[in-house]
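Peer 1: build me a structure from this.
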Amino acid sequence: MSEWLRGAPGAPALAFGGDVVRVGELAAAVAAASLPPGDGPIGCPAGMPPARLITTVLAALERGRPVLVGGGPEEAAGLEGRLPEGTALALRTSGSSGAAPTVVARTEESWLASAAPLAEIAGIGASDRIAVTGPLHVSMHLYAALHALWAGASVGDELRGASVVHATPTRLARLLDDALDVRTAVVAGAAIGASLREAAGARLRLVEYYGAAELSFVAVGLGDGLEPFPGAELELRESAAGRELWVRSPYLALGAIGGGMLRRDSTGFATVGDLAETAADGRLRVLGRGDAAITTAGATVLAEHVEAVLTSLPGVAAAAVVGEPHELLGERVVAVVELDPADSGSDAPAAARLRDATRQAVVDAARDRLVPAELPRRWFFGAVPRTDSGKVARGAVRAALASGALGTSAVTTASSPVFTTSAEGSTA
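Peer 2: Here you go, the predicted structure:
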C-alpha cells in the first residue's frame, strides 16, 4: 500500500461532496487504476473530482510515473524528456505576477520528509478530520490532503465536524466570520495580518507556515512569529530590493520548467526572491516577493505590506497593490480595494452613501497607517482578482490598469491620492 495511506483499512479516508471512501477502498482503487500506456508523465487537470485526482496521483507515485497536477494529458505529454531525473510530482503553478504557468518538479521523498515534522507541530493524528478549503490541483491543498492520509486521518471539504482546517489567510478570515469551530487552523499562501492573527489565536490553535511550491516548507510558527521549519537552514542575503530569504533543506524541488522564480547556488541553498527580516527576538518576518517591490520617488515599497495594511482596515475585504509607470516618480502606487458587502436592505441610495463613506474612510485610515511613499496615489474600488491558490493576481490588475479597464481618474492633483471608483462588481 502507498506510503501515504497509513490508516486502518476500515477507517474513513476521503469525504468530498458527501461521499465517503475508506482507506481499504482507496487502496483498492489505487491498485486498480488504469493509467495511460507508457512510462511518461500523467495529467491530472484542474477540475478533476477530488477522489479521482488523489487516486490518480497515488497510482502514479506507486508505479513510478511522473504526475502533472493541474495540467491535462496533452500538457503532460509535452513534458516528456523535459523533467529532471527522479521527478515524481510535477506541480503546475502560477504566482501573483501574472507570468506564464511554471511546472515545479519534485521527488516524492521531498514531500514525505516533511510529513512527520508538520504532524508534530500541528498535532495532527489518526483521530483527526481534516478539512481542505481549496482545489486539490493547488499544491498547498494537495499536500494537505496527502498529509492527512499519511497521518491516518480523514480528509474532505466539509467544515462541520472537522478538527483541523487548512486555509489561506483570506479564507480563514471568512471562516471566522462564519463561526468556524475547529481545534487547529494550518494557514499558508500569504502573510497573516496582526488583527487576523489575534482574532484566530483567541479561538483556535493557529499554525502558520511560509513556503513555496519550489521550496516546500521553509518557516513555521504558532501565531507568534516564524522560525525555521525543522530540517531547514535559512540565510538572509542582501539584494537590490532588500534581504532575500534563502533556504537549504531536504524539501526543495528538483527544478522548475517554464521559467519561474527559483534560483539556486552552488552550496545547495535556493530562493524564490521573497524578502524577509528578523525581529529582536530572532523570529522571522516574511515581507513579500522582491518582484512585487515598487520604486517610487527613490523609495522601495513592498506591495504585500501595503495590501496587509489596507486589508486590516474596517470595511475592507481584500486589496491589491501594484506600481504604475509615472514620468516624475518612476512608479506610483495604485490600489484596488474590495469592500465588504454594504448592508442597507433594499434602499439603493442608502447603500450608495454607505459605499462612498466607506471608501473615504478607507483612504483616510490609510493616510494614518502608511508612510507617504506607501500611500496609494490612485484608488479603485471593485473585486480583487485572485489566483487558484488564493493569492492576489497582481498581473491581472496591471493588465486591467494598462488597458483602462479599471476606470478613469476623478482627481489628478500631485499632492493628493487619485480617487477612482470602478463599476460595482467589476473583476478588475
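
Peer 1: residue contacts, residue 297?
Peer 2: Applying C-beta atoms under 8 Å, 6 or more residues apart in numbering, we find residue 297 in contact with 328, 329, 330, 373. Every residue, glycine included, has its C-beta placed from N, CA and C.

Peer 1: what do you get for residue 166?
Peer 2: 130, 131, 132, 133, 134, 140, 141, 144, 185, 186, 187, 188.

Peer 1: and which of these is nearest to residue 120?
Peer 2: Closest approach to residue 120 among the contacts of residue 166 (C-beta to C-beta): residue 186, at 12.8 Å.

Peer 1: tally of neighbours for residue 193?
Peer 2: A count of nearby residues for residue 193, using other C-beta atoms under 10 Å, gives 17.

Peer 1: swap that for residue 132, sorry
Peer 2: Neighbour tally, residue 132, other C-beta under 10 Å: 25.

Peer 1: okay, the residue nearest to residue 2 when sequence neighbours are not counted: pLDDT?
Peer 2: Among residues not flanking residue 2 along the chain, residue 58 sits closest, at 4.9 Å (C-beta to C-beta, 6 or more residues apart in numbering). You'll see residue 58 listed with a pLDDT of 98.

Peer 1: between the contacts of residue 166, which sits nearest residue 249?
Peer 2: Nearest to residue 249 out of the contacts of residue 166 is residue 188 (C-beta to C-beta; 15.9 Å).

Peer 1: next, the contact list for the closest residue to that closest one other than its chain neighbours, please.
Peer 2: Sequence neighbours aside, residue 209 is the residue nearest to residue 188 in space, at 5.0 Å (criterion: C-beta to C-beta, 6+ apart). Each residue near residue 209 by C-beta under 8 Å, 6+ apart is listed here: 118, 186, 187, 188, 217, 218, 219, 220, 221, 226, 229.

Peer 1: what's opposite residue 209 in the beta bridge?
Peer 2: Beta-bridge partners for residue 209, by DSSP bridges, are residue 220.

Peer 1: distance check, it against residue 306.
Peer 2: 23 Å (C-beta to C-beta, to the nearest Å).

Peer 1: mind checking what helix or strand follows the longest helix anywhere in the chain in sequence?
Peer 2: Counting residues, the longest helix found in the chain (DSSP state H) is helix 348-369. Remark: after helix 348-369, the chain's next helix or strand is strand 378-381, criterion DSSP states H and E.

Peer 1: and that following strand, what other elements does it pack with?
Peer 2: Judged by 3 or more C-beta pairs under 8 Å, 6 or more residues apart in numbering; DSSP states H and E, strand 378-381 is in contact with strand 330-339, helix 348-369, strand 418-419.

Peer 1: show me where the protein has its helices.
Peer 2: Secondary structure of the chain (DSSP H): helices at 23-32, 50-62, 73-77, 108-112, 115-122, 139-150, 169-177, 194-201, 303-311, 348-369, 394-403.

Peer 1: so which of those is nearest residue 88?
Peer 2: Here helix 108-112 is closest among the helices of the chain (C-beta to C-beta), at 4.0 Å.

Peer 1: the most centrally placed residue in the chain: what's its closest spatial neighbour, skipping adjacent residues?
Peer 2: Centroid-nearest residue in the chain, with C-alpha atoms, centre = their mean: residue 189, separated by 2.5 Å. Nearest residue to residue 189 in three dimensions, chain neighbours excluded: residue 168, at 3.8 Å (C-beta to C-beta, 6+ apart).
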